[in-house]
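# 3D model of this:
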Amino acid sequence: MTDSEWFSAPPATPVNGSEPFSGLDATVLDFWRFAMSDLRMNNVRGYLAEFLVARAVGSRSPRVEWDAYDVLAPDGTRIEVKSSAYMQVWDQRQPSRIVFTGLVGRTWTPQQGEAPTATFNADVYVFCVQTAQSHDVYDVLDSNQWSFYVVDRETLEGLGYKSISLSSLQRLTAGPISYADLNSAIKAAAGTA
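Reported below is the predicted structural model:
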């Protein structure tokens, strides 16, 4: 192998959860239960929000961990997904303040490394809020408990925001969008409607 050759990983083989580990009495489902059984955890809730957006636009592709954006719509629209919630898995005195960070990022490739500057890397940004404000009613799987705010890249770029609060999103957009209206809102923001 020369310095100019690269090891390229083959596409992941989809698993259904029943696959056994070799050398221990456990399956992939056991791992999922261990690592992701609480869908309210920040990182898992983020994956769930990406899943909701992917389903809304008709994408069935699995997420790619180091991509410059989170979801690629079938029409080629690159979508960045941000999520937040009022209720957390830890004890809290009051509901959390909703703020979304990381709107800009440095792209990365193995061949070229990290880009020198952070940029807006998606065509559309979807901000997802799990709206329950008490644990008694919190149901992360109820799409009616999610609100979505959709903003095109040019608008965010023009403002120069690296993070944005919910109150700023409310002023910037026409208000929250339901899950049922998410696909059409993303298409409108992307100019593909």
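
# what residue ranges in this structure score low on pLDDT?
Applying pLDDT under 70 to the chain flags the ranges 1-4, 193.

# looking at it, which helix is longest?
Ranked by residue count and defined by DSSP state H, the top helix of the chain is helix 42-57.

# tell me the buried residues in it?
Neighbour-count burial for helix 42-57, counted by 16 or more other CB atoms under 10 Å, picks out 44-54, 56-57. C-beta: built from backbone N, CA, C; applies to glycine.

# any idea how far Val137 is from Leu48?
17 Å (CB to CB, to the nearest Å).

# gap between the two ends of stretch 81-93?
Counting by CA to CA, to the nearest Å, you get 27 Å between the two ends of stretch 81-93.

# and if you look at stretch 76-89?
Terminal residues of stretch 76-89 lie 35 Å apart, using CA to CA.

# any buried residues in it, and which?
Applying a neighbour-count criterion of 16+ other CB under 10 Å, one finds 77-87 buried in stretch 76-89.

# please apply the same query to stretch 13-27.
Thr27.

# got the CA coordinates for that stretch in PDB?
This file holds the C-alpha atoms of stretch 13-27, laid out as PDB (Å, rounded to 0.1, in the frame of the first residue of the first chain):
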ATOM      1  CA  THR A  13     -24.900  -3.900   6.500                       C
ATOM      2  CA  PRO A  14     -28.300  -3.100   8.000                       C
ATOM      3  CA  VAL A  15     -29.100  -5.000  11.200                       C
ATOM      4  CA  ASN A  16     -32.500  -5.800  12.600                       C
ATOM      5  CA  GLY A  17     -31.500  -6.300  16.200                       C
ATOM      6  CA  SER A  18     -31.500 -10.100  16.300                       C
ATOM      7  CA  GLU A  19     -27.900 -10.500  15.300                       C
ATOM      8  CA  PRO A  20     -25.900 -12.200  18.000                       C
ATOM      9  CA  PHE A  21     -22.500 -11.100  19.300                       C
ATOM     10  CA  SER A  22     -19.700 -13.600  19.000                       C
ATOM     11  CA  GLY A  23     -18.300 -14.800  22.400                       C
ATOM     12  CA  LEU A  24     -21.100 -13.400  24.600                       C
ATOM     13  CA  ASP A  25     -24.800 -14.000  25.200                       C
ATOM     14  CA  ALA A  26     -26.100 -10.800  23.700                       C
ATOM     15  CA  THR A  27     -27.700  -9.400  20.500                       C
END
